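Undergrad: Got a predicted model here, sequence first, then my questions.
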Amino acid sequence: MKAQVLKTIKKYDMLSQGETVVLAVSGGVDSMVLMHLFAELAKDFGSTLIIAHLNHARRTESVLDCELVRQAAEKNGYVFEEDTLPNQGKAGNFHAYARTYRYEFFKRIADTYSATKVVTAHHANDHLETILDRMMKTDIPAGLMGIGPVGVVAGIPIIRPLIEIEKDALYEYARTFAVDFREDASNGSDAYLRNRIRNKIVPLIMAERGDVLAHARNLSDNLRLDEGYFDHQVDELMKNVGKLEHGYELSFSWLQAIHASLWRRLMIRLIPSISKGAMLGLAEFLGGNPASGKVDVGGGTVVWKSYDKVLIMSSEFEGSQFGYEVELVVNAVNALPDGREIVMKQKLCEKSAKNKAQGTYLCYNSVRMPLKVRNRRSGDRIQLVNCQGHARVKKIMIDAKVTVDERGNWPIVVDADDLLVWIPGLAKSPVCLEQPNSSEDLWLEIYE
(Lines give C-alpha, C1' and ligand atoms only; values in the text may rest on other atoms or scores of the structure.)
Protein backbone atom coordinates (compact mmCIF):
# COMPACT_ATOMS: atom_id res chain seq x y z
CA MET A 1 0.00 0.00 0.00
CA LYS A 2 2.84 2.38 0.74
CA ALA A 3 3.94 2.16 -2.91
CA GLN A 4 0.43 3.03 -4.12
CA VAL A 5 0.18 5.95 -1.70
CA LEU A 6 3.59 7.23 -2.81
CA LYS A 7 2.40 7.00 -6.41
CA THR A 8 -0.69 9.07 -5.55
CA ILE A 9 1.41 11.65 -3.69
CA LYS A 10 3.70 12.09 -6.67
CA LYS A 11 0.86 11.98 -9.23
CA TYR A 12 -0.93 14.90 -7.59
CA ASP A 13 2.21 16.65 -6.26
CA MET A 14 0.96 16.47 -2.66
CA LEU A 15 4.14 16.74 -0.61
CA SER A 16 7.50 18.45 -0.78
CA GLN A 17 10.58 17.73 1.25
CA GLY A 18 10.74 19.07 4.80
CA GLU A 19 7.12 20.16 5.22
CA THR A 20 5.29 20.28 8.54
CA VAL A 21 1.83 18.75 8.10
CA VAL A 22 -1.24 18.25 10.28
CA LEU A 23 -2.77 14.75 10.20
CA ALA A 24 -6.50 14.74 10.87
CA VAL A 25 -7.06 11.54 12.86
CA SER A 26 -10.48 10.48 14.13
CA GLY A 27 -9.63 7.03 15.46
CA GLY A 28 -11.39 5.11 12.67
CA VAL A 29 -9.59 2.60 10.47
CA ASP A 30 -8.99 5.15 7.68
CA SER A 31 -7.17 7.74 9.75
CA MET A 32 -5.36 5.25 11.99
CA VAL A 33 -3.92 3.54 8.91
CA LEU A 34 -3.03 6.98 7.58
CA MET A 35 -1.05 7.76 10.72
CA HIS A 36 0.71 4.38 10.60
CA LEU A 37 1.64 4.90 6.94
CA PHE A 38 2.91 8.41 7.56
CA ALA A 39 5.27 7.12 10.21
CA GLU A 40 7.24 5.75 7.24
CA LEU A 41 6.35 8.40 4.65
CA ALA A 42 7.50 11.17 6.98
CA LYS A 43 10.99 9.68 6.87
CA ASP A 44 10.98 9.67 3.06
CA PHE A 45 9.91 13.31 2.87
CA GLY A 46 11.56 14.62 6.03
CA SER A 47 8.13 15.68 7.24
CA THR A 48 7.17 16.85 10.73
CA LEU A 49 3.81 15.44 11.81
CA ILE A 50 1.22 17.08 14.06
CA ILE A 51 -1.71 14.85 15.04
CA ALA A 52 -5.07 16.66 15.40
CA HIS A 53 -8.21 15.07 16.80
CA LEU A 54 -11.65 16.66 17.10
CA ASN A 55 -14.07 15.07 19.55
CA HIS A 56 -17.58 15.50 18.13
CA ALA A 57 -19.08 14.63 21.53
CA ARG A 58 -22.01 12.83 19.94
CA ARG A 59 -21.32 9.41 21.46
CA THR A 60 -20.32 8.36 24.96
CA GLU A 61 -17.49 6.31 23.39
CA SER A 62 -15.95 9.38 21.77
CA VAL A 63 -13.59 9.86 24.72
CA LEU A 64 -12.18 6.40 23.93
CA ASP A 65 -11.58 7.45 20.31
CA CYS A 66 -9.62 10.45 21.56
CA GLU A 67 -7.57 8.36 23.97
CA LEU A 68 -6.69 5.84 21.25
CA VAL A 69 -5.41 8.60 18.97
CA ARG A 70 -3.51 10.25 21.81
CA GLN A 71 -1.73 7.04 22.76
CA ALA A 72 -0.78 6.24 19.17
CA ALA A 73 0.57 9.77 18.65
CA GLU A 74 2.61 9.73 21.85
CA LYS A 75 3.94 6.25 21.07
CA ASN A 76 5.41 7.63 17.83
CA GLY A 77 6.63 10.83 19.46
CA TYR A 78 4.21 13.11 17.60
CA VAL A 79 2.71 16.32 18.91
CA PHE A 80 -0.95 15.71 19.74
CA GLU A 81 -3.66 18.40 19.68
CA GLU A 82 -7.33 17.92 20.48
CA ASP A 83 -10.51 19.94 20.67
CA THR A 84 -14.17 19.24 21.42
CA LEU A 85 -16.94 20.37 19.10
CA PRO A 86 -19.03 23.00 20.95
CA ASN A 87 -22.74 22.42 21.26
CA GLN A 88 -24.44 23.67 18.11
CA GLY A 89 -26.85 25.67 20.24
CA LYS A 90 -29.47 26.03 17.52
CA ALA A 91 -31.34 24.04 14.92
CA GLY A 92 -29.59 23.45 11.64
CA ASN A 93 -27.50 21.03 9.63
CA PHE A 94 -25.24 19.39 12.20
CA HIS A 95 -22.95 17.80 9.61
CA ALA A 96 -22.34 21.15 7.89
CA TYR A 97 -21.73 22.80 11.27
CA ALA A 98 -19.32 20.06 12.35
CA ARG A 99 -17.44 20.14 9.04
CA THR A 100 -16.95 23.89 9.23
CA TYR A 101 -15.71 23.74 12.82
CA ARG A 102 -13.49 20.74 12.07
CA TYR A 103 -11.58 22.49 9.30
CA GLU A 104 -11.34 25.70 11.31
CA PHE A 105 -9.75 23.62 14.09
CA PHE A 106 -7.26 22.09 11.66
CA LYS A 107 -6.44 25.57 10.35
CA ARG A 108 -5.77 26.81 13.90
CA ILE A 109 -3.41 23.92 14.54
CA ALA A 110 -1.68 24.44 11.20
CA ASP A 111 -1.16 28.12 11.99
CA THR A 112 0.14 27.32 15.48
CA TYR A 113 2.86 25.00 14.15
CA SER A 114 3.46 26.75 10.82
CA ALA A 115 2.22 23.65 9.00
CA THR A 116 1.79 23.97 5.26
CA LYS A 117 -0.87 21.28 4.73
CA VAL A 118 -3.59 19.26 6.41
CA VAL A 119 -3.71 15.54 5.57
CA THR A 120 -7.08 13.76 5.67
CA ALA A 121 -7.86 10.03 5.28
CA HIS A 122 -10.49 10.22 2.54
CA HIS A 123 -10.28 7.10 0.37
CA ALA A 124 -11.67 5.78 -2.92
CA ASN A 125 -14.97 4.60 -1.44
CA ASP A 126 -15.53 8.03 0.13
CA HIS A 127 -15.01 9.55 -3.29
CA LEU A 128 -17.56 7.31 -5.02
CA GLU A 129 -20.09 7.84 -2.21
CA THR A 130 -19.69 11.59 -2.58
CA ILE A 131 -20.35 11.45 -6.33
CA LEU A 132 -23.51 9.39 -5.81
CA ASP A 133 -24.66 11.69 -3.00
CA ARG A 134 -24.19 14.78 -5.14
CA MET A 135 -25.96 13.20 -8.11
CA MET A 136 -29.10 13.36 -5.99
CA LYS A 137 -28.55 16.95 -4.89
CA THR A 138 -26.95 18.88 -7.75
CA ASP A 139 -27.25 19.06 -11.52
CA ILE A 140 -24.06 20.86 -12.51
CA PRO A 141 -20.92 19.07 -13.78
CA ALA A 142 -18.69 20.48 -11.03
CA GLY A 143 -20.86 18.72 -8.47
CA LEU A 144 -19.83 15.33 -9.88
CA MET A 145 -16.12 15.86 -9.31
CA GLY A 146 -16.45 14.30 -5.88
CA ILE A 147 -13.50 14.58 -3.50
CA GLY A 148 -10.39 16.09 -5.01
CA PRO A 149 -6.97 14.59 -4.25
CA VAL A 150 -5.89 18.10 -3.27
CA GLY A 151 -7.86 21.18 -2.35
CA VAL A 152 -8.10 24.21 -0.12
CA VAL A 153 -10.52 24.41 2.82
CA ALA A 154 -10.67 27.26 5.35
CA GLY A 155 -7.63 28.77 3.67
CA ILE A 156 -5.32 25.78 4.21
CA PRO A 157 -4.18 23.28 1.53
CA ILE A 158 -5.69 19.80 2.03
CA ILE A 159 -4.11 16.61 0.67
CA ARG A 160 -5.70 13.14 0.56
CA PRO A 161 -3.02 10.49 -0.05
CA LEU A 162 -5.47 7.58 0.39
CA ILE A 163 -7.91 8.83 -2.25
CA GLU A 164 -7.04 5.97 -4.64
CA ILE A 165 -7.11 3.27 -1.93
CA GLU A 166 -10.14 0.99 -1.51
CA LYS A 167 -11.70 0.76 1.95
CA ASP A 168 -11.24 -3.02 2.11
CA ALA A 169 -7.51 -2.53 1.54
CA LEU A 170 -7.39 -0.30 4.62
CA TYR A 171 -8.93 -3.02 6.75
CA GLU A 172 -6.46 -5.53 5.34
CA TYR A 173 -3.55 -3.20 6.12
CA ALA A 174 -4.82 -2.74 9.68
CA ARG A 175 -4.98 -6.50 10.15
CA THR A 176 -1.54 -7.06 8.64
CA PHE A 177 0.23 -4.42 10.75
CA ALA A 178 -1.94 -4.72 13.88
CA VAL A 179 -3.17 -1.12 13.65
CA ASP A 180 -5.68 -0.41 16.42
CA PHE A 181 -8.78 1.52 15.47
CA ARG A 182 -12.33 2.10 16.64
CA GLU A 183 -15.51 1.69 14.61
CA ASP A 184 -18.28 4.28 14.83
CA ALA A 185 -21.43 2.21 15.38
CA SER A 186 -23.55 4.92 13.72
CA ASN A 187 -21.90 4.13 10.37
CA GLY A 188 -24.01 0.99 10.18
CA SER A 189 -27.27 2.89 10.60
CA ASP A 190 -29.39 3.63 7.54
CA ALA A 191 -30.82 6.77 9.13
CA TYR A 192 -28.61 8.96 6.92
CA LEU A 193 -28.55 9.08 3.11
CA ARG A 194 -24.76 8.81 3.07
CA ASN A 195 -24.92 5.58 5.06
CA ARG A 196 -27.59 4.14 2.77
CA ILE A 197 -25.38 4.94 -0.22
CA ARG A 198 -22.42 3.27 1.51
CA ASN A 199 -24.26 0.21 2.77
CA LYS A 200 -26.76 -0.48 -0.01
CA ILE A 201 -25.91 1.25 -3.30
CA VAL A 202 -22.11 1.09 -3.50
CA PRO A 203 -21.94 -2.72 -2.99
CA LEU A 204 -24.39 -3.22 -5.87
CA ILE A 205 -22.39 -0.97 -8.18
CA MET A 206 -19.10 -2.62 -7.26
CA ALA A 207 -20.65 -6.01 -7.93
CA GLU A 208 -21.58 -4.83 -11.43
CA ARG A 209 -18.21 -3.26 -12.15
CA GLY A 210 -15.21 -4.22 -10.09
CA ASP A 211 -13.08 -1.27 -11.18
CA VAL A 212 -15.75 1.34 -10.50
CA LEU A 213 -13.61 3.10 -7.88
CA ALA A 214 -10.79 3.70 -10.37
CA HIS A 215 -13.38 4.61 -13.01
CA ALA A 216 -14.92 7.21 -10.66
CA ARG A 217 -11.46 8.69 -10.02
CA ASN A 218 -10.76 8.99 -13.76
CA LEU A 219 -14.17 10.54 -14.35
CA SER A 220 -13.50 13.14 -11.66
CA ASP A 221 -10.01 13.93 -12.93
CA ASN A 222 -11.39 14.50 -16.45
CA LEU A 223 -14.20 16.69 -15.11
CA ARG A 224 -11.67 18.63 -13.08
CA LEU A 225 -9.62 19.27 -16.23
CA ASP A 226 -12.75 20.45 -18.05
CA GLU A 227 -13.82 22.69 -15.19
CA GLY A 228 -10.32 24.15 -15.04
CA TYR A 229 -10.66 25.09 -18.71
CA PHE A 230 -14.08 26.64 -18.13
CA ASP A 231 -12.79 28.52 -15.08
CA HIS A 232 -10.12 30.04 -17.29
CA GLN A 233 -12.77 31.06 -19.82
CA VAL A 234 -14.79 32.72 -17.06
CA ASP A 235 -11.62 34.49 -15.90
CA GLU A 236 -11.39 35.96 -19.40
CA LEU A 237 -15.08 36.94 -19.36
CA MET A 238 -14.58 38.71 -16.03
CA LYS A 239 -12.33 41.20 -17.81
CA ASN A 240 -15.49 42.57 -19.45
CA VAL A 241 -17.37 42.89 -16.17
CA GLY A 242 -17.32 46.27 -14.45
CA LYS A 243 -16.65 46.05 -10.71
CA LEU A 244 -18.76 48.41 -8.65
CA GLU A 245 -18.58 49.13 -4.95
CA HIS A 246 -21.46 46.79 -4.15
CA GLY A 247 -21.89 44.77 -7.31
CA TYR A 248 -21.13 44.43 -11.01
CA GLU A 249 -22.08 46.08 -14.31
CA LEU A 250 -22.35 44.20 -17.60
CA SER A 251 -23.42 44.87 -21.17
CA PHE A 252 -26.68 43.10 -21.97
CA SER A 253 -25.81 42.59 -25.66
CA TRP A 254 -22.42 41.16 -24.65
CA LEU A 255 -24.08 38.87 -22.12
CA GLN A 256 -26.54 37.59 -24.74
CA ALA A 257 -23.68 36.53 -27.02
CA ILE A 258 -22.11 34.22 -24.40
CA HIS A 259 -22.67 30.48 -24.78
CA ALA A 260 -25.22 29.14 -22.28
CA SER A 261 -22.64 26.96 -20.52
CA LEU A 262 -20.30 29.90 -19.90
CA TRP A 263 -23.23 32.19 -19.09
CA ARG A 264 -24.28 29.89 -16.25
CA ARG A 265 -20.75 29.63 -14.92
CA LEU A 266 -20.32 33.40 -15.10
CA MET A 267 -23.53 33.94 -13.11
CA ILE A 268 -22.33 31.49 -10.46
CA ARG A 269 -19.04 33.42 -10.28
CA LEU A 270 -20.88 36.73 -9.89
CA ILE A 271 -23.67 35.41 -7.64
CA PRO A 272 -22.21 32.45 -5.67
CA SER A 273 -25.37 31.99 -3.61
CA ILE A 274 -27.73 31.75 -6.60
CA SER A 275 -30.04 28.72 -6.51
CA LYS A 276 -31.18 26.58 -9.43
CA GLY A 277 -34.63 28.19 -9.37
CA ALA A 278 -33.19 31.70 -9.22
CA MET A 279 -30.85 30.88 -12.12
CA LEU A 280 -33.80 29.77 -14.23
CA GLY A 281 -35.75 32.88 -13.24
CA LEU A 282 -32.83 35.12 -14.16
CA ALA A 283 -32.40 33.40 -17.52
CA GLU A 284 -36.12 33.81 -18.23
CA PHE A 285 -36.05 37.47 -17.19
CA LEU A 286 -33.05 38.39 -19.36
CA GLY A 287 -34.20 36.11 -22.18
CA GLY A 288 -37.40 38.14 -22.39
CA ASN A 289 -35.23 41.14 -23.32
CA PRO A 290 -37.15 43.69 -21.23
CA ALA A 291 -36.38 47.35 -21.83
CA SER A 292 -35.99 47.70 -18.09
CA GLY A 293 -36.83 45.91 -14.89
CA LYS A 294 -35.34 43.84 -12.12
CA VAL A 295 -35.42 40.35 -10.63
CA ASP A 296 -34.61 39.29 -7.08
CA VAL A 297 -32.25 36.27 -7.21
CA GLY A 298 -32.22 35.73 -3.45
CA GLY A 299 -29.38 35.96 -0.99
CA GLY A 300 -29.76 39.73 -0.80
CA THR A 301 -28.95 40.21 -4.50
CA VAL A 302 -31.00 41.81 -7.26
CA VAL A 303 -30.34 42.04 -11.00
CA TRP A 304 -31.38 45.19 -12.84
CA LYS A 305 -31.66 45.74 -16.58
CA SER A 306 -31.94 49.09 -18.32
CA TYR A 307 -31.39 49.07 -22.08
CA ASP A 308 -27.93 47.58 -22.62
CA LYS A 309 -26.93 47.85 -18.97
CA VAL A 310 -27.23 44.98 -16.50
CA LEU A 311 -26.47 45.61 -12.85
CA ILE A 312 -25.92 42.87 -10.28
CA MET A 313 -26.03 44.44 -6.85
CA SER A 314 -26.67 43.96 -3.19
CA SER A 315 -30.29 44.79 -2.42
CA GLU A 316 -29.03 46.63 0.67
CA PHE A 317 -27.41 49.22 -1.57
CA GLU A 318 -29.93 48.98 -4.37
CA GLY A 319 -29.90 52.18 -6.37
CA SER A 320 -27.83 54.07 -3.78
CA GLN A 321 -24.79 54.73 -5.92
CA PHE A 322 -25.61 53.24 -9.30
CA GLY A 323 -26.45 55.61 -12.09
CA TYR A 324 -29.55 54.45 -13.91
CA GLU A 325 -31.68 55.34 -16.88
CA VAL A 326 -34.93 53.52 -17.57
CA GLU A 327 -36.94 53.97 -20.75
CA LEU A 328 -40.65 54.18 -19.97
CA VAL A 329 -42.86 51.67 -21.72
CA VAL A 330 -46.43 52.81 -22.37
CA ASN A 331 -49.11 50.95 -20.41
CA ALA A 332 -46.55 49.02 -18.40
CA VAL A 333 -45.20 49.06 -14.87
CA ASN A 334 -41.61 50.29 -15.01
CA ALA A 335 -39.41 49.42 -12.00
CA LEU A 336 -36.84 51.87 -10.65
CA PRO A 337 -33.65 51.04 -8.69
CA ASP A 338 -34.92 52.73 -5.52
CA GLY A 339 -37.85 50.32 -5.29
CA ARG A 340 -40.46 52.67 -6.72
CA GLU A 341 -42.51 51.95 -9.82
CA ILE A 342 -43.68 54.31 -12.53
CA VAL A 343 -46.62 53.86 -14.93
CA MET A 344 -47.26 55.77 -18.13
CA LYS A 345 -50.64 55.55 -19.88
CA GLN A 346 -51.83 57.21 -23.07
CA LYS A 347 -55.53 57.19 -22.41
CA LEU A 348 -57.57 58.82 -19.73
CA CYS A 349 -57.65 56.56 -16.75
CA GLU A 350 -58.42 56.50 -13.07
CA LYS A 351 -55.62 57.49 -10.77
CA SER A 352 -54.06 54.74 -8.72
CA ALA A 353 -54.72 54.11 -5.05
CA LYS A 354 -51.15 52.85 -4.63
CA ASN A 355 -49.14 53.85 -1.59
CA LYS A 356 -47.85 57.44 -1.77
CA ALA A 357 -48.77 57.74 -5.44
CA GLN A 358 -47.93 60.96 -7.25
CA GLY A 359 -48.85 61.79 -10.81
CA THR A 360 -49.14 64.34 -13.55
CA TYR A 361 -50.63 64.70 -17.01
CA LEU A 362 -48.28 65.49 -19.89
CA CYS A 363 -49.05 67.25 -23.13
CA TYR A 364 -48.29 64.53 -25.67
CA ASN A 365 -47.49 66.97 -28.48
CA SER A 366 -44.97 68.86 -26.32
CA VAL A 367 -42.62 66.00 -25.43
CA ARG A 368 -40.30 63.96 -27.63
CA MET A 369 -40.73 60.26 -27.05
CA PRO A 370 -39.51 58.00 -25.61
CA LEU A 371 -39.61 59.31 -22.10
CA LYS A 372 -36.99 58.10 -19.66
CA VAL A 373 -36.45 58.12 -15.92
CA ARG A 374 -32.96 58.63 -14.56
CA ASN A 375 -31.23 59.87 -11.47
CA ARG A 376 -29.81 63.36 -11.08
CA ARG A 377 -26.74 64.44 -13.01
CA SER A 378 -24.40 67.30 -12.38
CA GLY A 379 -25.70 70.54 -13.90
CA ASP A 380 -29.31 69.37 -14.30
CA ARG A 381 -31.80 72.24 -14.74
CA ILE A 382 -35.56 72.28 -15.27
CA GLN A 383 -37.82 74.96 -16.67
CA LEU A 384 -40.56 75.55 -14.13
CA VAL A 385 -44.21 76.33 -14.78
CA ASN A 386 -44.79 80.10 -15.08
CA CYS A 387 -41.01 80.64 -15.01
CA GLN A 388 -39.06 82.38 -17.76
CA GLY A 389 -35.76 80.71 -16.88
CA HIS A 390 -34.52 77.40 -15.53
CA ALA A 391 -33.87 76.31 -11.96
CA ARG A 392 -30.97 74.10 -10.83
CA VAL A 393 -32.23 70.71 -9.66
CA LYS A 394 -29.65 70.63 -6.88
CA LYS A 395 -31.02 73.88 -5.43
CA ILE A 396 -34.60 72.62 -5.72
CA MET A 397 -33.64 69.55 -3.72
CA ILE A 398 -31.73 71.56 -1.13
CA ASP A 399 -34.68 73.94 -0.67
CA ALA A 400 -36.99 70.93 -0.26
CA LYS A 401 -34.60 69.52 2.38
CA VAL A 402 -33.92 66.36 0.37
CA THR A 403 -31.02 64.53 2.02
CA VAL A 404 -27.74 63.99 0.20
CA ASP A 405 -28.38 60.22 -0.03
CA GLU A 406 -31.87 60.77 -1.46
CA ARG A 407 -30.67 63.27 -4.06
CA GLY A 408 -28.62 60.63 -5.88
CA ASN A 409 -31.61 58.30 -6.21
CA TRP A 410 -34.42 60.77 -6.83
CA PRO A 411 -36.19 59.91 -10.11
CA ILE A 412 -36.24 62.55 -12.84
CA VAL A 413 -38.39 62.18 -15.96
CA VAL A 414 -36.75 63.41 -19.17
CA ASP A 415 -37.73 63.32 -22.84
CA ALA A 416 -35.76 61.86 -25.77
CA ASP A 417 -33.60 65.03 -25.86
CA ASP A 418 -32.86 64.70 -22.15
CA LEU A 419 -34.95 67.79 -21.35
CA LEU A 420 -36.27 67.59 -17.80
CA VAL A 421 -40.02 67.08 -17.74
CA TRP A 422 -40.99 66.21 -14.17
CA ILE A 423 -39.32 65.73 -10.80
CA PRO A 424 -41.94 63.83 -8.76
CA GLY A 425 -42.87 65.64 -5.59
CA LEU A 426 -40.57 68.57 -6.34
CA ALA A 427 -41.06 70.32 -9.68
CA LYS A 428 -42.97 70.31 -12.96
CA SER A 429 -42.07 71.72 -16.36
CA PRO A 430 -44.59 73.58 -18.58
CA VAL A 431 -45.46 70.34 -20.43
CA CYS A 432 -47.07 69.04 -17.23
CA LEU A 433 -50.84 69.55 -17.03
CA GLU A 434 -53.35 69.56 -14.20
CA GLN A 435 -55.99 68.15 -16.57
CA PRO A 436 -55.62 66.53 -19.99
CA ASN A 437 -56.33 68.58 -23.08
CA SER A 438 -56.97 65.58 -25.32
CA SER A 439 -57.21 61.81 -25.26
CA GLU A 440 -53.65 61.64 -26.58
CA ASP A 441 -52.17 63.26 -23.51
CA LEU A 442 -50.24 61.04 -21.13
CA TRP A 443 -50.87 60.16 -17.51
CA LEU A 444 -47.65 59.57 -15.59
CA GLU A 445 -47.75 58.13 -12.08
CA ILE A 446 -45.05 57.04 -9.66
CA TYR A 447 -45.54 55.14 -6.42
CA GLU A 448 -43.71 53.19 -3.76
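TA: Nice, I can see it. Numbers count the residues shown, from 1 in each chain.

Undergrad: SS state for His127?
TA: When classified by DSSP: H, G, I helix; E, B strand; the rest coil, His127 comes out as helix.

Undergrad: List the contacts of it.
TA: 146-147, 163, 213, 216-217, 220 (C-beta atoms under 8 Å, 6 or more residues apart in numbering). Using the backbone N, CA and C atoms, a C-beta is placed for each residue, glycine as well.

Undergrad: Please apply the same query to Ala214.
TA: Contacts of Ala214 (C-beta under 8 Å, 6+ apart): 124, 164.

Undergrad: In the top helix by length along the chain, which residues are buried?
TA: In the chain, taking DSSP state H as the definition, the longest helix is helix 212-238. Residues 212-213, 216-217, 219-221, 223, 227, 230, 234, 237 are the ones in helix 212-238 that count as buried (16 or more other C-beta atoms under 10 Å).

Undergrad: what is the mean pLDDT for it?
TA: The pLDDT scores in helix 212-238 average 95.

Undergrad: next SSE after it?
TA: Note on helix 212-238: by DSSP states H and E, the next helix or strand toward the C-terminus is strand 242-244.

Undergrad: other SSEs contacting that next one?
TA: Other elements packing on strand 242-244 under the criterion 3 or more C-beta pairs under 8 Å, 6 or more residues apart in numbering; DSSP states H and E are strand 247-251.

Undergrad: the domain parsing of the protein - what is it?
TA: The chain is divided into the following domains under automatic domain parsing: 2-229, 242-317, 328-447.

Undergrad: thought Ser26 was touching Cys66?
TA: No: at 9.4 Å, Ser26 does not count as touching Cys66 under the criterion of C-beta atoms under 8 Å.

Undergrad: List just the nearest of the contacts of His127 to Ile51.
TA: Ile51 lies nearest to Ile163 out of the contacts of His127, by C-beta to C-beta, at 20.0 Å.

Undergrad: Skip the chain neighbours and tell me the closest residue to that closest one.
TA: Leaving aside its sequence neighbours, Ile163 sits nearest to Pro149 (C-beta to C-beta, 6 or more residues apart in numbering; 4.9 Å).

Undergrad: That neighbour - how many residues pack around it?
TA: 23 (other C-beta atoms under 10 Å).

Undergrad: What distance do you get for it to Asp221?
TA: According to C-beta to C-beta, to the nearest Å, Pro149 and Asp221 sit 8 Å apart.

Undergrad: now do Thr176
TA: Computed as C-beta to C-beta, the Thr176 to Asp221 distance reads 29 Å.

Undergrad: same deal with Ile156?
TA: Computed as C-beta to C-beta, the Ile156 to Asp221 distance reads 23 Å.

Undergrad: Just want the most central residue of the protein.
TA: Central residue of the chain (C-alpha atoms, centre = their mean): Pro272, 1.6 Å from the mean position.

Undergrad: Contacts only, for that one.
TA: Neighbour list for Pro272: empty [criterion: C-beta under 8 Å, 6+ apart].

Undergrad: Just the pLDDT for the residue lying closest to Ile423 once chain neighbours are set aside.
TA: Leaving aside its chain neighbours, Ile423 sits nearest to Ile412 (5.4 Å; criterion: C-beta to C-beta, 6+ apart). Listed pLDDT for Ile412 reads 94.

Undergrad: which residues sit in contact with Ile412?
TA: Going by C-beta under 8 Å, 6+ apart, Ile412 touches 373-376, 380, 393, 420, 422-423.

Undergrad: And the residues you listed, which is closest to Phe181?
TA: Using C-beta to C-beta, Asn375 comes nearest to Phe181 of the contacts of Ile412, at 66.0 Å.

Undergrad: re earlier: check the contacts of His127 and tell me the two furthest apart.
TA: Ile147 and Leu213 (12.0 Å).

Undergrad: what's near enough to touch the closest residue to Ser251 other than its chain neighbours?
TA: Nearest residue to Ser251, sequence neighbours excluded (C-beta to C-beta, 6+ apart): Asp308, at 5.5 Å. Going by C-beta under 8 Å, 6+ apart, Asp308 touches 251-253.

Undergrad: Show the buried residues in the residues you listed.
TA: Buried among the contacts of Asp308 by 16+ other C-beta under 10 Å: Phe252.

Undergrad: quick one: which of the contacts of Asp308 is nearest Leu442?
TA: Taking C-beta to C-beta as the measure, Leu442 sits nearest to Phe252 out of the contacts of Asp308, at 26.8 Å.

Undergrad: Now tabulate the contacts of Asp308 in a markdown table and tack on distance to Ile109 and pLDDT.
TA: What follows is the contacts of Asp308, written out as a markdown table (distance: C-beta to C-beta, whole Å; pLDDT from 0 to 100):
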| residue | distance to Ile109 | pLDDT |
| --- | --- | --- |
| Ser251 | 47 | 93 |
| Phe252 | 49 | 93 |
| Ser253 | 51 | 94 |
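
Undergrad: Include distance to Lys90 when you put the contacts of Asp308 into CSV, please.
TA: Shown next, in CSV, are those (distance: C-beta to C-beta, whole Å):
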residue, distance to Lys90
Ser251, 44
Phe252, 42
Ser253, 47
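
Undergrad: with the contacts of Asp308 in mind, which one is nearest to Asn289?
TA: Taking C-beta to C-beta as the measure, Asn289 lies nearest Phe252 of the contacts of Asp308, at 8.1 Å.

Undergrad: Hmm, that closest one is touching Leu311, no?
TA: No: counting by C-beta under 8 Å, Phe252 stays clear of Leu311, with 10.3 Å between them.

Undergrad: Mutual contacts of those two, please.
TA: Lys305.

Undergrad: Tell me how many other residues surround the residue nearest to Thr120 when sequence neighbours are not counted.
TA: Spatial nearest neighbour of Thr120, chain neighbours left out: Ala24 (4.9 Å); criterion: C-beta to C-beta, 6+ apart. Ala24 has 22 neighbouring residues, counting by other C-beta under 10 Å.

Undergrad: Quick one: residues contacting Ala24.
TA: By C-beta under 8 Å, 6+ apart, the neighbours of Ala24 are 31, 52-54, 102, 106, 118-121.

Undergrad: what kind of secondary structure is Gly18 in?
TA: The three-state assignment at Gly18 reads coil, by three-state DSSP.
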